[in-house]
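Enquirer: mind looking at a prediction? Sequence and model below.
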Amino acid sequence: MQNELVSVIIPCYNCEKYIEYTLKSVLDQSYQNFELIIVDDGSKDNSALIIKSFTDKRIIYIYQENKGLPAARNTGIKRAKGMYIAFLDSDDVWEKDKLSTQVFHLNKYDIIYCNYNTIDEYNVLFKQQGRPHYSPIVEKDPFIQGRNVLGSGSGVLMKKKIIDTVGLFNEELRYAEDQEYWTRIAWNGFKFYYVDQKLVNIRVHKQSIQATAKNDLILKNYSIVIETFLNFKNLDNKNKGLIYEYYFLILYSYSKNPKDLIMCFFKVLKFNYKLINFKHIYLLIKFFPRNILKKNE
């Protein structure tokens, strides 16, 4: 199991500033049995020139018209030959033992994730905070409540067989695609394991999707995510309540429509009234003057 081929999938879009560091961090891994699939999602900068300057025979370069991160990952998955799949964003960096540390656990578990550092555009570390984890057993509630359990796709290594059950990434999404996908995996009963080591450096910068996404895009994508969750099989009222409670907080943060927020509030009451507390009443009261003022600006 520890000598199996790993397919490393890197979607790339206009990432000339960071892609060299990213590729080097893969090629320098202590675990060397991998193929490196780079899907150029319609870059218009010098990303392709930098990628093609690497001559390692394990590198597979694929160019496609811009379709978004989920579609680029799906292209890589379809091309992958490995028993295991690892995802890496084109601006993030792995530590040397990332793959070897995680592969060790795949004889007992289906998907492995890890702790991480955050770095800026100059590779300077941000101050780190502790983060919760939920392994080794699958706990559906944290996922269904929208908690960012895995932290980042760049820290994930999983068995390719998972895809036979859950399918590919949702290409409708341009935001929260990771969260939707990991929740689908958890809901289907696959076993997660958390490695409490900082094996990845996640880059935070002003050009990232998280930093540039507009409220309307975020809300539209979360609506798709919530609809996916509500269509899960064997969903009981408790979990429906958790989903609507999660959506309530999203609507409060990104929506300007009081009707949607009120309807969502009553959905929580209907399915799991025990979730309602002073926080929800407070946010409802606070929502109206905030949005009336915005409309009058």
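Expert: Yep, that arrived. Numbering: from 1, shown residues only.
Enquirer: low-confidence ranges, the stretch 51-200 of the chain, go.
Expert: 127-138 (pLDDT under 70).
Enquirer: tell me where it has strands.
Expert: Along the stretch 51-200 of the chain, counting by DSSP state E, counting those that start in this stretch, strands occupy 59-64, 84-87, 93-94, 111-119, 157-159, 192-203.
Enquirer: okay, those strands in TSV with mean neighbour count and distance to residue 223 next?
Expert: Yep, even glycine has a C-beta here, placed from its N, CA and C like the rest. What follows is the strands of the stretch 51-200 of the chain, written out as TSV (neighbours: other CB atoms under 10 Å; distance: least, CB to CB, whole Å):
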stretch	mean neighbour count	distance to residue 223
strand 59-64	15	27
strand 84-87	25	24
strand 93-94	22	33
strand 111-119	22	26
strand 157-159	22	27
strand 192-203	20	26
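Enquirer: so which of the ones you listed gets nearest residue 50?
Expert: Of all the strands of the stretch 51-200 of the chain, strand 59-64 sits nearest to residue 50, with 10.9 Å by CB to CB.
Enquirer: tell me which strands that closest one pairs with, and in which orientation.
Expert: Sheet pairing for strand 59-64, assigned by DSSP bridges, gives strand 34-41 (parallel).
Enquirer: got the buried residues for the partner strand?
Expert: Residues of strand 34-41 classed as buried by neighbour count (16 or more other CB atoms under 10 Å): 34-41.
Enquirer: nearest to residue 177, of the strands of the stretch 51-200 of the chain?
Expert: strand 84-87 (10.8 Å).
Enquirer: the closest one pairs with which strands, and in what direction?
Expert: Here, using DSSP bridges, strand 84-87 pairs with strand 6-12 (parallel), strand 157-159 (antiparallel).
Enquirer: measure how far the last one is from the centre of its chain, please.
Expert: Using CA atoms, centre = their mean, to the nearest Å, we find the averaged C-alpha position of strand 157-159 to lie 14 Å away from the chain's own average C-alpha position.
Enquirer: let's have the strands of the stretch 51-200 of the chain in CSV, adding distance to residue 4.
Expert: Formatted as CSV, those follow (distance: least, CB to CB, whole Å):
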stretch, distance to residue 4
strand 59-64, 18
strand 84-87, 6
strand 93-94, 18
strand 111-119, 13
strand 157-159, 10
strand 192-203, 17
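Enquirer: how many residues are close by the residue lying closest to residue 56 once chain neighbours are set aside?
Expert: With CB to CB, 6 or more residues apart in numbering as the criterion, residue 56 has its nearest non-adjacent residue at 5.9 Å, and that residue is residue 27. For residue 27, the neighbour count with other CB atoms under 10 Å is 14.
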